[in-house]
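Enquirer: I'll drop the sequence and a predicted model, then ask my questions.
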Amino acid sequence: MIIGLTGSIATGKSTVSKMFKERGYPIVDADEISRLVVEPGSAVLAHIAASFGADMLRTDGTLNREKLGAHIFTNEAERETLNGIIHPAVRAEMVRQKEYWIEKGAKTVIMDIPLLFESRLQSYVDRIVVVSAKPEIQLSRLMERNSLTEKEARARITSQLPVSEKEKDADAIIHNNGTLKDTEKQLDAILLDWHAEL
Ligand SMILES: CC(C)(COP(=O)(O)OP(=O)(O)OC[C@H]1O[C@@H](n2cnc3c(N)ncnc32)[C@H](O)[C@@H]1O)[C@@H](O)C(=O)NCCC(=O)NCCS
Ligand SMILES: Nc1ncnc2c1ncn2[C@@H]1O[C@H](COP(=O)(O)OP(=O)(O)OP(=O)(O)O)[C@@H](O)[C@H]1O
């Protein structure tokens, strides 16, 4: 069984992904892969520099993530340009890693894909878990974690589908508004219900 883990920015996907990992499930992490494919010297990074300017790179040749983020989260056309450059490489690596785990005998694989709905990747997975948080909690967690102003945080939130929309297409929802213990309990109930074998 391939479980797609999604939600909206800062609702707690990485937090829940860590809980899956602690329980022994293999994880394919789209955010981690999106860092891997832009390593210095990669074709994807060269393409980003050609499209967005060489000043998107730091002097050591790595991607200046804050600068590119400030750019694309407030500009839909540029966000789509970046997605067009980076997503094909991310998708190919996600599939490769999923197959690697299946070949190794994994019965359940978790695919943590923030933009699962936006990129219409529902067919990649058998079940979907949406990690949701109340809008005011999501906003304050995002502002705190990334040291953003309210305006910057709101721009990032509105660059994705509202989490309430994603909930409608979920097979299970984790409401991550309370303690981590509350969240773990919800996760364990889902795993039990789905007989998600290791
Ligand atoms: C713009 C970048 C450089 C900013 O890097 P930064 O380290 O600040 O953020 P990070 O990669 O950790 O992403 C944080 C969260 O932002 C959201 N997010 C990232 N990219 C996008 C996007 N293109 N559209 C909407 N939301 C996005 C996701 O919820 C993600 O979990 C980076 O997010 C990026 O390369 N984005 C394009 C790749 C992508 O779409 N990644 C998301 C899943 S594949
Ligand atoms: N139940 C919780 N209680 C307190 N803080 C939490 C809880 N869940 C998550 N957080 C915190 O909220 C922030 C956002 O959580 P997390 O990074 O897991 O979200 P995410 O959905 O993976 O975000 P992104 O889309 O940006 O990758 C983090 O700083 C995390 O430590």
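Expert: Noted; the coordinates are in hand. Numbers count the residues shown, from 1 in each chain. Ligands and ions are numbered 1, 2, ... in the order given.

Enquirer: show the contacting residues for the nearest residue to residue 197 once chain neighbours are set aside.
Expert: Closest residue to residue 197 apart from its sequence neighbours, by Cβ to Cβ, 6 or more residues apart in numbering: residue 107 at 4.1 Å. Every residue, glycine included, has its C-beta placed from N, CA and C. Under the criterion of Cβ atoms under 8 Å, 6 or more residues apart in numbering, the contact list for residue 107 reads 1, 197, 198.

Enquirer: closest to ligand 1 among those residues?
Expert: residue 1 (21.7 Å; Cβ to the nearest ligand atom).

Enquirer: any idea how far residue 146 is from that closest one?
Expert: 33 Å (Cβ to Cβ, to the nearest Å).

Enquirer: just residue 182 next, same as before
Expert: Residue 182 is 24 Å from residue 146, by Cβ to Cβ.

Enquirer: which parts of this structure sit against ligand 2?
Expert: Within the chain, the positions adjacent to ligand 2 are 7, 9-15, 31, 114, 141, 145, 176, 179-180, 183 by Cβ under 6 Å from any ligand atom.

Enquirer: report the two of those residues separated the most.
Expert: Taking Cβ to Cβ, the two most distant members of these are 31 and 179; they sit 24.1 Å apart.

Enquirer: so these two - more neighbours on which side?
Expert: residue 31 (15 against 9; other Cβ atoms under 10 Å).

Enquirer: put the alpha carbons of the helix or strand hosting that one into PDB.
Expert: For residue 31, the host element (DSSP states H and E) is helix 30-36. C-alpha atoms of helix 30-36 as PDB (Å, rounded to 0.1, in the frame of the first residue of the first chain):
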ATOM      1  CA  ALA A  30       9.300  15.300  -2.000                       C
ATOM      2  CA  ASP A  31      10.700  18.300  -0.100                       C
ATOM      3  CA  GLU A  32      14.000  16.400   0.500                       C
ATOM      4  CA  ILE A  33      14.100  15.300  -3.100                       C
ATOM      5  CA  SER A  34      13.500  18.900  -4.300                       C
ATOM      6  CA  ARG A  35      16.700  19.800  -2.400                       C
ATOM      7  CA  LEU A  36      18.600  16.800  -3.900                       C
END
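
Enquirer: helices or strands next to the helix or strand following it in the packing?
Expert: Downstream of helix 30-36, the first helix or strand assigned by DSSP H and E is helix 43-52. Applying 3 or more Cβ pairs under 8 Å, 6 or more residues apart in numbering; DSSP states H and E, one finds that helix 43-52 contacts helix 65-72, helix 76-103.
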